[in-house]
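Peer 1: Any chance you could fold what I've pasted below:
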Amino acid sequence: MLHKQLQSSYYLNSLFSLFRFICIYPAYLNNKKTIAEGRRIPIDKAVENPTSAEIQDVCAAVGFNVLLEKNKMYPREWNRDVQYRGRVRIQLKQDDGNPCLPQFPTRKSVMLYAAETIPKLKTRTQKMGGSDQSLQQGEGGKKGKGKKKK
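Peer 2: Residues are numbered from 1 along each chain as shown. Purely as a prediction, here's the structure:
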């Protein structure tokens, strides 16, 4: 009997500690989504198609206790692709209720920081650089073909 009570108290403590974690889905920060589709920050501050891994990287780098749940999906997300999967759990507050990091007192401040920082990630800047080069090469090839026809 005592063993069951200890198990249940441990379970309750772990549940209460999970309440200190907030959930952030990529849809919250996606500028391709409307408010009705789940975006929670202004469109001018949102990011194009963020991933849960990018949100995790940004939040872990600033010092949050982060948990990535890869198989979770945002309920309003109709697309079941791997790109849209994932949920990030972030410990926003300590057990006493104080924020873990004083510069991030609310969930909105965490979301705005993540949306501001994700475009600066190396993976994002390298992708952008590579796509610019491929566009320039494609245009050059078209010009060469046009000259041969005349």
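
Peer 1: quick one: the helices in this protein?
Peer 2: 2-19, 52-62, 107-117, 122-149 (DSSP state H).

Peer 1: For the third one, which residues meet the burial criterion?
Peer 2: What it means is helix 107-117. By 16 or more other Cβ atoms under 10 Å, the buried positions in helix 107-117 come out as 110-115, 117. (Each C-beta comes from the backbone N, C-alpha and C, glycine too.)

Peer 1: what comes into contact with that helix?
Peer 2: With Cβ atoms under 8 Å, 6 or more residues apart in numbering as the test, helix 107-117 has contacts from 22, 24, 28-29, 40-41, 45-47, 50, 55, 58-59, 62, 64, 90, 92, 103-104.

Peer 1: got the angle between that helix and helix 52-62?
Peer 2: When axes from the mean of the first three to the mean of the last three Cα atoms, to 10 degrees is applied, the directions of helix 107-117 and helix 52-62 differ by 100 degrees.

Peer 1: Can you tell me the centre-most residue of the chain?
Peer 2: Note on the chain: the residue nearest the mean C-alpha position is Ile55, at 3.2 Å, using Cα atoms, centre = their mean.

Peer 1: Please list all residues in contact with the closest residue to it other than its chain neighbours.
Peer 2: Nearest residue to Ile55, sequence neighbours excluded (Cβ to Cβ, 6 or more residues apart in numbering): Val88, at 4.6 Å. Counting by Cβ under 8 Å, 6+ apart, Val88 touches 23-25, 52, 55-56, 59, 66-69.
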